[in-house]
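**Student:** Got a predicted structure plus its sequence, pasted below:
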Amino acid sequence: MNNPRSAAQVLKNLGNACYAVGDYAKAIKYYEKRLQLARHLKDQRSEEQSLASLGVACEALGDHGRAITYYEARLLLGRTLKDRRIEEQALASLKIACYALGDYAKAMQYQQGTTNPGV
């Protein structure tokens with residue numbers, strides 16, 4: 001495909017289709033390719049969406065630790081973009097993933113918005 005932005009959309013759609021039929025591992029592969037392309041294109045909105053999709057797919061596989069890594073990257077990007085909606089969504093996702101791991105103290109920190117990933 002000659003248009004990288006179209007390729008990113010195709011990767012997103014393929015990932016979504018795989019996710020919809022329960023093939024989460026394959027969805028992750030497509031989302032990871034989209035994330036790489038978004039970073040190459042310096043498309044921060046697509047990068048943010050890819051990080052969110054990766055986190056959700058990892059959680060569907062029960063890999064909450066890996067999901068947290070993606071959600072923390074999304075939170076940092078949201079803060080870089082000064083997008084409060086992204087920050088709030090990332091914090092909510094982090095809270096749920098930490099809760100799933102039994103890390104209730106960390107979940108409460110994310111609930112209160114007091115954790116600074118990557119610092």
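**Tutor:** Now that the structure is in, tell me what you want to look at. Residues are numbered from 1 along each chain as shown.

**Student:** May I ask which helix or strand of the protein has the lowest mean pLDDT?
**Tutor:** Least confident helix or strand of the chain, by mean pLDDT, DSSP states H and E, is helix 104-112 with a mean of 90.

**Student:** Can you pull out the residues in contact with that one?
**Tutor:** By CB atoms under 8 Å, 6 or more residues apart in numbering, the residues outside helix 104-112 that reach it are Leu91, Ala92, Leu94, Lys95, Ile96, Cys98, Tyr99, Thr115. Yep, even glycine has a C-beta here, placed from its N, CA and C like the rest.

**Student:** ok, and the closest non-adjacent residue to the third one?
**Tutor:** The reference is to Leu94. Computed as CB to CB, 6 or more residues apart in numbering, the closest residue to Leu94 that is not its neighbour in sequence is Tyr110, at 4.3 Å.

**Student:** just to revisit the earlier point, out of the contacts of helix 104-112, which one sits closest to Tyr70?
**Tutor:** Distances from Tyr70 to the contacts of helix 104-112, taken as CB to CB, are shortest for Leu94 (9.9 Å).
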